[in-house]
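Visitor: predicted model and sequence follow; I will ask about them next.
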Number of protein chains: 2
Amino acid sequence: MISQKAKYALRALVALARAGESMMIGEIAAQEKIPRKFLEQILLELKRHGIVMSRRGKLGGYALLMPADQITFGQVLRILDGPLAPLPCLSRIAYRRCVDCRTEEDCEIRHVFALVTNSARAVLDRTTIADAIAGRESVAVGAVEPVS
Amino acid sequence: MISQKAKYALRALVALARAGESMMIGEIAAQEKIPRKFLEQILLELKRHGIVMSRRGKLGGYALLMPADQITFGQVLRILDGPLAPLPCLSRIAYRRCVDCRTEEDCEIRHVFALVTNSARAVLDRTTIADAIAGRESVAVGAVEPVS
DNA sequence: ATAAACACTATCAACTAGATAGGGTTAATG
DNA sequence: CATTAACCCTATCTAGTTGATAGTGTTTAT
């Protein structure tokens, strides 16, 4: 399950991309029905990661810092929900060995989930906010590499 | 992230399939380094769903009820972790509408995650315990249906 | 100066994950 | 037929997470 936080983040980014200009937190919150204070934290986090920028004071607001066609779903999910991989031993950003697993190489479970992870990454790391708006989600998953 | 519980379940099933005969909870627990009492609950749950059977009393134990090549990863995950879908509005076994989503049909986020879900299902609902043991995980994901 | 916006940090209630505990029921065996 | 060793069941616990709220600080246009 993807968290509410990540969902809100994606929706806020879609809203900002569609608007094409700076929006105030309050506007985004109202338009997307997101709890205002919660959205504040989310945008702040996205800002820390260089996805959006903000202007303070009266007439302040948020705007995309990266172009919408360079912000991927994968990026956003990793920021807010952590690793995409369903097992720590498959994560690139937060690898951790499974303590109770003899050898990683012939862990049957790992093999299977490696396939799942790869195909999820294939979609999420290719699809951008711009794609989502345009309705052209990357459909071609293509060949999923066997995990050797 | 897949839960520890589901991981244990899969490993226990692999162990049972490999053994080819009945095993006692204690044996499985020791062999797979799974907390014994925790495994008890897991096997009980698998039994309730007709995946394994048990024999009570001295010389009791657990054995597969379904053949290993008919038990899919998807089945096991759904029993222990619930829906595979990352959004309630994409789940088949536990569908729930997103309250804050105007129309489901043109929710950009839903569209993208539908692709992810489909490809995950393609792997998990095809790959069986027997496949995992034999090292022949279904590699061909094939065409992932666009979500209309 | 002041109003209105973002920036931060702390806190909270509800839930979940992972496990442990302990008694109940069944069945082989001497 | 008592005993032992297995599964059966339910309750409980602890630590952590999620989703959210609260309150105070800082910046900036007017």
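Guide: Nice, I can see it. Because the structure is predicted, anything quoted here is derived from the model rather than measured.
Visitor: near DNA strand C, which residues of chain A?
Guide: A:24-26, A:37, A:40-41, A:43-44, A:47-48, A:54-62 (C-beta under 7 Å from any atom of the strand). For glycine as for every other residue, the C-beta is placed from the backbone atoms N, C-alpha and C.
Visitor: if any of these are buried, give me the PyMOL selection for them.
Guide: Selection of the buried residues among the residues of chain A next to DNA strand C in PyMOL, burial being defined by 16 or more other C-beta atoms under 10 Å in any protein chain shown:
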select buried, chain A and resi 25+43+54+61+62
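Visitor: now, which of the residues of chain A next to DNA strand C lie close to chain B?
Guide: Residues of the residues of chain A next to DNA strand C in contact with chain B (C-beta under 8 Å from any C-beta of the partner chain): none.
Visitor: ok, and the closest non-adjacent residue to A:Q70?
Guide: Nearest non-adjacent residue to A:Q70, counting by C-beta to C-beta, 6 or more residues apart in numbering or on different chains: A:T128, 6.5 Å away.
Visitor: stretch A:43-54 vs DNA strand D: in contact?
Guide: No - if you take C-beta under 7 Å from any atom of the strand as the test, stretch A:43-54 misses DNA strand D, and the best it gets is 10.0 Å.
Visitor: now that stretch: mean pLDDT?
Guide: Averaging pLDDT along stretch A:43-54 yields 98.
Visitor: burial count for the residue nearest to A:Q70?
Guide: For A:T128, the count of nearby residues is 26 (other C-beta atoms under 10 Å in any protein chain shown).
Visitor: and it, how far from B:R110?
Guide: Counting by C-beta to C-beta, to the nearest Å, the gap from A:T128 to B:R110 is 16 Å.
Visitor: which residues of chain A score low on pLDDT?
Guide: A:138-148 (pLDDT under 70).
Visitor: all helices of it, in order?
Guide: Assignment of helices within chain A using DSSP state H yields the ranges A:4-19, A:25-32, A:36-48, A:73-81, A:108-124, A:129-134.
Visitor: ok, the residue nearest to A:P86 when sequence neighbours are not counted - contacts?
Guide: Of all residues not flanking A:P86 in the chain, B:I2 sits nearest, at 4.6 Å (C-beta to C-beta, 6+ apart). By C-beta atoms under 8 Å, 6 or more residues apart in numbering or on different chains, the contact set of B:I2 is A:P86, A:L87, A:F113, B:L77, B:D81.
Visitor: phi, psi of B:I2?
Guide: Note on B:I2: its backbone torsions stand at phi -80, psi 140 [degrees, to the nearest 10].
Visitor: for DNA strand D, what are the nearby residues on chain A?
Guide: So far as C-beta under 7 Å from any atom of the strand goes, chain A lies against DNA strand D at A:3-5, A:8, A:35, A:37-38, A:40-41, A:55-60, A:81.
Visitor: same thing but at 6 Å, please
Guide: A:S3, A:Q4, A:K5, A:P35, A:K37, A:F38, A:Q41, A:R56, A:G57, A:K58, A:L59 (C-beta under 6 Å from any atom of the strand).
Visitor: just those residues now: which is nearest B:I71?
Guide: In terms of C-beta to C-beta, no member of the residues of chain A next to DNA strand D lies closer to B:I71 than A:S3, at 30.3 Å.
Visitor: OK, contacts around the residue lying closest to that closest one once chain neighbours are set aside?
Guide: In space, and not counting its chain neighbours, A:S3 is closest to A:D81: 5.2 Å by C-beta to C-beta, 6+ apart. By C-beta under 8 Å, 6+ apart, the contact set of A:D81 is A:I2, A:S3, A:K5, A:A6.
Visitor: can I get the buried part of those residues as one ChimeraX selection?
Guide: Selection of the buried residues among the contacts of A:D81 in ChimeraX, burial being defined by 16+ other C-beta under 10 Å:
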select /A:2,5,6
